[in-house]
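Undergrad: With the input below, show me the fold.
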Amino acid sequence: MRTGIIVSLVIHTIFVLIAVKLQFKTPNAIPVWVEVGLIEERAGHIPGKDITKEELPELPTVEHTQPPELPEATPEVREIEKISPPTSPAEGEEGFLITGEIKQRRILYKVIPQYPSGYNEEATVVVKLHVAPSGRIEKMELLQHGGNIFDRLTLNALRLWVFEPLPPDVPQETQTGIITFIYKLR
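TA: Prediction:
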């Protein structure tokens, strides 16, 4: 530790001696004077300009009239087609099962993950979905693992799913549901 301090002092001393020998000088600060104070104003005079008073043109007058009366708008009432939920869970040929609040919502876009080639096992992956009122999936929770490849395939496919937006007369809250994907050997 002491040798490090001594070496540092020797090196700095050498640099100072070289600087003195070569007559390095630090530049002197150039004084910059800035006047501080109030600007002197003289009434009616701007330096470099003569102010002349000229008459402004008279502005045209606007007549105020009553807006025409419009007939009252009557709201259009029409019956919306009722969509019934599926009578049985989407299972079988699709390879998945949905339960919970989102079971009532129609799926506008879905990607069904394909069984990966080179694997010789069956797996079940269960995911809890949180679906926004807009129909987009906000959050996914993996409840049952089916193996790394099956989990990734399922989550990547579900990221692309879009459900039907909630109607305006329903509370605009995030809905949840559980989806189960069953990977079977064929």
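
Undergrad: What residues of stretch 152-168 count as buried?
TA: 153-154, 157-158, 161, 163, 165-166 (16 or more other Cβ atoms under 10 Å). For the C-beta atoms, the positions are set from N, CA and C on the backbone; glycine is no exception.

Undergrad: element containing the closest residue to residue 144 other than its chain neighbours, please.
TA: Nearest-residue entry for residue 144: residue 126, 3.7 Å, with adjacent residues in sequence omitted and distances by Cβ to Cβ, 6 or more residues apart in numbering. Element membership for residue 126 (DSSP states H and E) is strand 123-131.

Undergrad: Need the CA coordinates for that strand. CSV is fine.
TA: The C-alpha trace of strand 123-131 is given here as CSV (Å, rounded to 0.1, in the frame of the first residue of the first chain):
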residue,chain,number,x,y,z
ALA,A,123,-49.6,-34.1,-22.7
THR,A,124,-52.3,-31.9,-21.2
VAL,A,125,-51.6,-28.1,-20.8
VAL,A,126,-54.0,-26.1,-18.7
VAL,A,127,-53.9,-22.2,-18.9
LYS,A,128,-55.9,-19.6,-17.1
LEU,A,129,-56.7,-16.7,-19.4
HIS,A,130,-57.6,-13.1,-18.5
VAL,A,131,-59.5,-11.6,-21.4
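
Undergrad: Renumber starting at 21 from here on
TA: Got it, the first residue is 21 from now on, which makes the last one we talked about strand 143-151.

Undergrad: the inter-axis angle of the helix or strand following that strand versus strand 143-151?
TA: Later in the chain than strand 143-151, the nearest helix or strand by DSSP H and E is strand 157-164. Relative orientation of strand 157-164 versus strand 143-151 (axes from the mean of the first three to the mean of the last three Cα atoms, to 10 degrees): 150 degrees.

Undergrad: got the buried residues for strand 157-164?
TA: 157, 160.

Undergrad: Identify all contacting residues around the helix or strand following it.
TA: Reading on from strand 157-164 to the C-terminus, the next helix or strand found by DSSP H and E is helix 168-178. With contact meaning Cβ atoms under 8 Å, 6 or more residues apart in numbering, helix 168-178 is reached by 130-134, 136, 139, 143, 145, 147, 149, 157, 160, 162, 165-166, 199, 201, 203.

Undergrad: Emit the ChimeraX select command for whichever of these are buried.
TA: Here is the ChimeraX selection string for the buried members of those, based on 16+ other Cβ under 10 Å:
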select :133,143,145,147,149,157,160,166,199,201,203
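
Undergrad: coming back round to it: so for the strand holding residue 146, mean pLDDT?
TA: When pLDDT is averaged along strand 143-151, the result is 94.

Undergrad: how much space between residue 152 and residue 119?
TA: Using Cβ to Cβ, to the nearest Å, residue 152 is found at 19 Å from residue 119.

Undergrad: Neighbour count for the two, which is higher?
TA: residue 152 (16 against 12; other Cβ atoms under 10 Å).
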